[in-house]
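Enquirer: Below are the sequence and a predicted model; questions follow.
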Amino acid sequence: MAVTVLFIFVCIAGTVGNTSGSCRGTRCPGRPIAPYTIVHPQHGSVRENPRTLTAEVFVPECTGRGCRPPLNGTEGCKGIECRLPPLSTRVKPRQGACHGDRCPTGTDSAGGRVTIVKAQDRAEHVLRDLPEHEGSPFGIQLTCDVKPGSNEVPSEDALVLQLRLAKGQEKLVEELQGQQTEIKQLQSKLAQQQSTLVAQQREILEQQQRMFEQMEQVKAQYSLLLDSVRHVSFQDVHKDLEGHLENLRPQTRSHEREAYTMHKVDMDATVMEVGRALPGCGSCHADEYCDFTGEWAHCEKCTVCPPGFFLVSQCSIHTDRMCQDRDECLEIQNLCGAQNQCLNTPGGFRCTGMSVKEAAAGMCGHAYFYNSELEECQACSECDSQTEVSPCTAMSDTVCASPSDTGLSISWSGNVSLAQGSEFPNMELHIQGNSDGSLVSSTSGQLVFHQHGLVWVDHNLALRHGCRSFVQACLRLNASEEGGRDLSGVRVEQREGKSLQSVSVSGAAAVEPGHMLSLFLKSASHHCNPDNDKVHLETSLVAPFSLLWLSHDTGAVAMTAQAVASAHFHTNYRPTFRTSSVSDPYMVSLTHDNRGVRFTEKGTVKFVLQQAVYSMGQACISEGFYLLANVNRNGSSAELTRAFKPGVHYRDTSISLSAAATVDAGDTLSFEILAPAQCNVRYFGDDSGISMLSLVWIPSAVSSSISATVSSKGLPFGAVRNKALLFRQTSPSVAQVELAGMGHQHPHRNFVFKEAGTASVALDLRLIHSCSMIKVSLHKQARQQGSPPTTVARQVGGQMPEGSEWATVALRVSFLVHNGTEVFATVDCVRGRLNQIAHNVGSSITVLWTVA
């Protein structure tokens, strides 16, 4: 490295030494810097490279064309090829005159001249002083090829970089060689594994070949057995059957021989599957086996292991399932305690001396219940493919119900009566109806649900009472794990003379198997129990109780929200709510101010708001209250519907509104109560359900709804007896239900369903009458001409409140519809006249349709 750098310095110095004067730069005249040439003695050739320094090494023993004589003398030699004498013998030049500020101190600026020693001469001198190589002298000749315009010389950093690059390439080659070695080793291991796999595959093929040979032997043995069976005669066994099977005797003998063979040989099931089908039984189902115990082979259902038994062997094509009783006394130590003796029984066990109290405390243990009839502990049943109605308890077994195959929606209706011996403050009402094992059943006056889902409940109530203050009608949902909660409630005010009053109570909830729904009448007064003040229920109602059940597969959402109590009196009031329960808070939720309900997706909503109030003032009675439902869509609010309620003076009552409507994504539903200016009203809200908002949202893919108001044309007037009402549609048309048009036999009267499903109707009438009793009914049109219509539901109202300008009657019901079903509403005035029915506000009908 040091020698190479010295050579470059010599070449550069030689060029600089020939410059004239003090000129610097590329434009100075003189000898230009020339490129240099490297000559390798062993080849004798010359290679030009302006960026590489080369030298010729002269060996004394070299002879031939490529050898050059060394320059040993210096006399008469000029140029770079001359050798200099030793530096120690050279005459030091005399220092010349120095001019300028750069002269050293103590020198005479006018002295002798400075002689410049050329760098190439100095290099020649240094090279000559190098030691001999292996005892033989050698010389180095430097030559520079002068080319005009080429004066660039490589730097020391570039040379160092080239050396490092060469070393890096050597390391890279070593690493590549190492990786190649590893790859060869991996290839060798892979080849060994492949050879092992090939050997294993050969062994598997050999085993399969042996299995095939064994199967052939089995088939041959089976053929021999069948040939031996053909020689057996069964004529004596079937003499009684020859007369009846004359034409089928050969086939009968063949089947009997095969059946007899199976009994004697007792072939394995796998052999029978390899051979032909089981003789004598044809094809049995998956849960059946071929039974040979009778005179003829036939398919039988496989036995199901009862509770308390464990499985020994599964059911196969020719054998039944085998079960064995579990010996609990042997498996569980001290099962009955140290004082009682344990006796094993089929499906359970018996503890001597066990009392009913101990059994109720859970002495039978987990998964067992106490059978009071057998006086022993029995294993609880399991609902495999069925729905569990009620779980197993310490004193009762599990109740299972068969799954419903009805679809996505079901309707159910029944009657309501007072429970015998029930008194206030909680008077129970009994629900009576035809039990539906797949959905609900009526037990002890309560409704027991057998399916998961959502329910919408309507209860039409007409009663008389003489209780002070008010009577509250309540819907209560009792869960199996908790005490229960009130879904909704309506207050029925006290009236003079105990006149008949009609109210409707509705609610929505998510239910599970085992949940129970019950009806109650509550009163805070203790003066309702004497005989002359007892509650009287009107019995002429039709389907006073009905419900709509929706499967979770519909995607429906149920929500209940409790109204917040207002501590001040208001004229116009917008209630605020607090969420009580919601099955899917993403789809349905309260707004930021808690005054409305927001919907995330498009669908149909069925809602009811029941608000308890306390009013003071004669204007409350005469003018009454209005409850409005509004839909806010894209920043604009529109009224959906409104209901009317006569007010009271210094009394408690409730305002109720129920309807169905179509909502879009982002719509909000809100409410407002309008009261007379001279009426002081206080609004209540607590957790007893007296002021509750309930709703069910159903996706638009499986539901639809229409709304209509009472038409101004053809209004009933005078002594009206079962007069049909005409309507005017106010909502957009839908494909599933429509109001009959002019081309229909009953235009503007009948609502026609175009698809099968379940319907829920809410009808409100605001009217003026002098009838002692007014009836509002919903009928189904008979498909055969001349046949009378079928009454779906009926609500009965009494006389108008004294001092009130208007009265109201509401009817709510859910029922099943088919394609082509037509319904219409009628009004009937008993002993009186119907003066007017409001057709502008307060008289409307909404119909909700849900796919079946």
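Expert: Everything's here; your move.

Enquirer: Could you tell me how many residues sit around residue 220?
Expert: Neighbourhood size, residue 220 [other C-beta atoms under 10 Å]: 10. Glycine gets a C-beta too; all of them are placed from N, C-alpha and C.

Enquirer: what lines up beside the strand or helix carrying residue 758 in the sheet?
Expert: Element membership for residue 758, per DSSP states H and E: strand 757-769. Sheet pairing for strand 757-769, assigned by DSSP bridges, gives strand 807-817 (antiparallel), strand 834-837 (antiparallel), strand 844-851 (antiparallel).

Enquirer: Tell me the buried residues in stretch 594-613?
Expert: Residues of stretch 594-613 classed as buried: 595-601, 603-613 (neighbour count, 16 or more other C-beta atoms under 10 Å).

Enquirer: before we move on, the earlier item: immediately after the strand holding residue 758, which helix or strand?
Expert: Next along the chain after strand 757-769, taking DSSP H and E as the criterion, comes strand 773-780.

Enquirer: and residue 184, helix, strand or coil?
Expert: For residue 184, the assignment made with DSSP: H, G, I helix; E, B strand; the rest coil gives helix.

Enquirer: My read is that residue 407 contacts residue 852, right?
Expert: Yes: here residue 407 reaches residue 852: they are 4.8 Å apart, a contact under C-beta atoms under 8 Å.

Enquirer: quick one: residue 210 and residue 769, what's the gap?
Expert: To residue 769, residue 210 is 98 Å away according to C-beta to C-beta, to the nearest Å.

Enquirer: who's more crowded, those two?
Expert: Set residue 210 next to residue 769 and count neighbours by other C-beta under 10 Å: residue 769 wins out with 24 against 10.

Enquirer: show me what contacts the more buried one?
Expert: 800, 807, 829, 832-835 (C-beta atoms under 8 Å, 6 or more residues apart in numbering).

Enquirer: just the buried members of the residues you listed?
Expert: Buried, going by 16+ other C-beta under 10 Å: 800, 807, 829, 832, 834, out of the contacts of residue 769.

Enquirer: quick one: the fourth one is in a helix?
Expert: The reference is to residue 832. No: looking at residue 832 with three-state DSSP, it is coil, so not inside a helix.

Enquirer: With adjacent residues omitted, what lies nearest to residue 376?
Expert: residue 350 (3.9 Å; C-beta to C-beta, 6 or more residues apart in numbering).

Enquirer: ok, so what distance separates that neighbour from residue 359?
Expert: 11 Å.

Enquirer: Need the overlap of contacts for these two.
Expert: residue 377.

Enquirer: So residue 668 sits against residue 629, correct?
Expert: No: look at residue 668 against residue 629 with C-beta under 8 Å: they stay out of range, at 11.3 Å.

Enquirer: What separation do you get for residue 327 and residue 395?
Expert: Distance from residue 327 to residue 395, by C-beta to C-beta: 24 Å.

Enquirer: now the helices: where do they sit in the protein?
Expert: 2-17, 119-128, 156-230, 249-265, 269-274, 328-331, 356-360, 618-623 (DSSP state H).

Enquirer: Let me see the mean pLDDT of the shortest one.
Expert: This points to helix 328-331. Averaging pLDDT along helix 328-331 yields 89.

Enquirer: Please export the alpha-carbon coordinates of it; CSV is fine.
Expert: Presented in CSV, the C-alpha positions along helix 328-331 are these (Å, rounded to 0.1, in the frame of the first residue of the first chain):
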residue,chain,number,x,y,z
GLU,A,328,-76.6,-43.7,42.6
CYS,A,329,-76.2,-45.3,46.0
LEU,A,330,-73.1,-47.1,44.8
GLU,A,331,-71.6,-44.2,42.9
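
Enquirer: what packs against that helix?
Expert: strand 342-345, strand 348-351 (3 or more C-beta pairs under 8 Å, 6 or more residues apart in numbering; DSSP states H and E).

Enquirer: Distance from the last one to the middle of the chain?
Expert: The reference is to strand 348-351. Relative to its chain's centre, strand 348-351 lies at 45 Å (C-alpha atoms, centre = their mean, to the nearest Å).

Enquirer: What lies in contact with it?
Expert: 308, 328-329, 335-337, 340-343, 363, 368, 371, 374-379.

Enquirer: go on, the first one?
Expert: Contacts to strand 342-345, defined as C-beta under 8 Å, 6+ apart, come from residues 325, 327-330, 335-336, 349-352, 374, 376.

Enquirer: buried residues in it?
Expert: Neighbour counts over strand 342-345 (16+ other C-beta under 10 Å) mark 342, 344-345 as buried.

Enquirer: how far away is residue 318 from residue 746?
Expert: As for residue 318, its distance to residue 746 is 66 Å (criterion: C-beta to C-beta).

Enquirer: Can you pick out the residue with more neighbours from the two?
Expert: The residue with more neighbours, out of residue 318 and residue 746, is residue 318; 20 against 13, by other C-beta under 10 Å.

Enquirer: Would you check that the more buried one makes contact with residue 290?
Expert: Yes: using C-beta under 8 Å, residue 318 is in contact with residue 290, at 5.1 Å.

Enquirer: Could you tell me how far stretch 693-700 lies from the centre of the chain?
Expert: Centroid separation between stretch 693-700 and its chain, computed with C-alpha atoms, centre = their mean, is 20 Å.
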